[in-house]
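Participant: can you look at this prediction? I've put the sequence above it.
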Amino acid sequence: MLFRSIDQAYFIKRYLGNIGGIALRNKIRSRLKKITDDILDNYDKVTILAHSFGSVVGTDFLADYRSQKTLNYMA
């Protein structure tokens with residue numbers, strides 16, 4: 001359990017500090033953008049549900065995301 005907490009803390013540090021070869025935050029944002037764009041191509045209205053640290057990632061991503069379609073967010 002201790003090592004899992006350490007791994008999570010390290011991931012959060014890397015994400016928030018945008019550390020890594022291809023910065024982790026940028027890599028995650030890129031993946032989320034591709035997925036979100038693909039989903040919005042097929043639907044007119046989408047709801048994104050985030051929990052725990054996913055709400056940090058989701059809020060960070062959606063702060064800069066722009067779309068002409070309706071996108072709801074629940075964190």
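Facilitator: On my side now, so go ahead. This is a predicted model, so every value here is computed, not measured.
Participant: C-alpha from now on. contacts and neighbour counts both.
Facilitator: Will do.
Participant: identify the residues contacting stretch 31-49?
Facilitator: Here stretch 31-49 makes contact (CA atoms under 8 Å, 6 or more residues apart in numbering) with 61, 65, 69-75.
Participant: which two in these are spaced the farthest apart?
Facilitator: Pairwise distances across the contacts of stretch 31-49 (CA to CA) peak at 19.4 Å, for the pair 69 and 75.
Participant: can you give me the mean pLDDT across the top helix by length along the chain?
Facilitator: Scanning the chain for the longest helix, with DSSP state H as the assignment, gives helix 24-42. For helix 24-42, the mean pLDDT works out to 92.
Participant: using CSV, list the CA coordinates for that helix.
Facilitator: Output of helix 24-42 as CSV, limited to C-alpha atoms (Å, rounded to 0.1, in the frame of the first residue of the first chain):
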residue,chain,number,x,y,z
LEU,A,24,3.1,14.0,-19.2
ARG,A,25,0.5,16.7,-19.1
ASN,A,26,0.8,17.5,-22.8
LYS,A,27,0.7,13.7,-23.7
ILE,A,28,-2.5,13.2,-21.6
ARG,A,29,-4.1,16.4,-23.1
SER,A,30,-3.3,15.2,-26.6
ARG,A,31,-4.9,11.8,-25.9
LEU,A,32,-8.0,13.4,-24.4
LYS,A,33,-8.3,15.8,-27.3
LYS,A,34,-8.3,12.9,-29.8
ILE,A,35,-10.8,10.9,-27.9
THR,A,36,-13.1,13.9,-27.3
ASP,A,37,-12.9,15.0,-30.9
ASP,A,38,-13.8,11.4,-32.1
ILE,A,39,-16.7,11.2,-29.7
LEU,A,40,-18.1,14.6,-30.7
ASP,A,41,-17.9,13.6,-34.4
ASN,A,42,-20.6,11.0,-33.6
